[in-house]
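> Here is my input, please return the structure:
(chains A, B, C and D)
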Protein chains: 2
Amino acid sequence: MVESNLALDLIFGALADATRRDILKRVSREEQTISELAQPYATSLAAIAKHVSVLEKAGLVTKRRNGKEKLVRVTPEAIEVAAAHLSEYEKVWGDRFDTLEKLLAEK
Amino acid sequence: MVESNLALDLIFGALADATRRDILKRVSREEQTISELAQPYATSLAAIAKHVSVLEKAGLVTKRRNGKEKLVRVTPEAIEVAAAHLSEYEKVWGDRFDTLEKLLAEK
DNA sequence: ATTTGATTCAACCATATGGTTGAATGATAG
DNA sequence: CTATCATTCAACCATATGGTTGAATCAAAT
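Numbering: from 1, shown residues only, chains lettered A, B, ... in the order given. Below is the predicted model of the structure:
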């Protein structure tokens, strides 16, 4: 019996798309409107709004109204849930953080 | 311009399914054959073999032949790539590990 | 060499996903 | 109140995904 854990389905599903990861990276730096977010991409505004909606349903971002626009910002908690989950698949705990540090140092 | 990063598409895409996460958890404990992996689920062997194949293409597991069967095992490196990537979305570094520890303690 | 067991492949089906366009809604500015 | 800007909704299309079954492959055992 597999416990579905819809939350993780949605979180990882949302992260499985490059455009959405890009949006997430951008809103993790600062709040952005939907229109601002849509700017750099060669797709319709509606398509980007859908991507934001997917991120929102996964709990990775939240939206708040500001006048006629809506500001999108990251929700670090949801990302931490995903990060914590990944640790379940790793046998050696010490190694994990070593490698993580190494990978981050490379950037 | 969004750099596609196929590797992450595949990794997060693979993790977006509860059955695959379950398989990954099981092989992270010890190597398992495809048939062993298929046992607990109410689906066909072929369906599970496909899931394993998705995990394999994402680099999350590897297969090695052992006589007439194939043993599946986890590839911690790929999981670390995903974990490292998640950190990019988090502004507050200190918080991250605090919350991670807290979440793990709860299990 | 044949049979048996384990895995893979191929064809197919239903639903999900990511994209489009055009119309509808919300909120501010004239 | 109406025009305008920002976002959302609805209908639609093409392709991807997860599942099925039956045939094909690969490796051991008889």
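> Mind pulling the model confidence for A:His85?
On pLDDT, A:His85 comes in at 87.
> do the strand or helix carrying it and chain B meet?
Assessed by DSSP states H and E, A:His85 sits inside helix A:76-86. Yes. Remark: helix A:76-86 sits within contact range of chain B at A:76-77, A:79-86, by CB under 8 Å from any CB of the partner chain. Using the backbone N, CA and C atoms, a C-beta is placed for each residue, glycine as well.
> roughly how far apart are A:His85 and B:Leu10?
Relative to B:Leu10, A:His85 is positioned 18 Å away (criterion: CB to CB, to the nearest Å).
> now do A:Glu36
Taking CB to CB, one finds A:Glu36 at 29 Å from B:Leu10.
> Neighbour count for the two, which is higher?
Each of A:Glu36 and B:Leu10 has its neighbours counted (other CB atoms under 10 Å in any protein chain shown); B:Leu10 has more, 19 against 16.
> Where does pLDDT dip in chain A?
Along chain A, the parts satisfying pLDDT under 70 run over A:1, A:91-107.
> residues touching A:Ile11, list them.
A:Ile11 sits next to A:58-60, A:78, A:81-82 when contact means CB atoms under 8 Å, 6 or more residues apart in numbering or on different chains.
> Strands of chain A, residue ranges please.
In chain A, strands defined by DSSP state E lie at A:32-33, A:61-66, A:69-74, listed in chain order.
> Any chance of TSV for these, columns distance to A:Leu45 and mean neighbour count?
Listed next are the strands of chain A as TSV, based on distance: least, CB to CB, whole Å; neighbours: other CB atoms under 10 Å in any protein chain shown:
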stretch	distance to A:Leu45	mean neighbour count
strand A:32-33	11	18
strand A:61-66	15	14
strand A:69-74	12	18
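> okay, the ones you listed in a markdown table with distance to DNA strand C next?
Below are the strands of chain A laid out as a markdown table (distance: least, CB to the nearest atom of the strand, whole Å):
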| stretch | distance to DNA strand C |
| --- | --- |
| strand A:32-33 | 12 |
| strand A:61-66 | 6 |
| strand A:69-74 | 8 |
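> Now tabulate the ones you listed in TSV and tack on distance to B:Leu15.
Putting those into TSV (distance: least, CB to CB, whole Å) gives the following:
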stretch	distance to B:Leu15
strand A:32-33	26
strand A:61-66	19
strand A:69-74	19
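> Nearest to chain B, out of those?
If you check each of the strands of chain A against chain B by CB to the nearest CB, strand A:69-74 wins as the nearest, at 6.0 Å.
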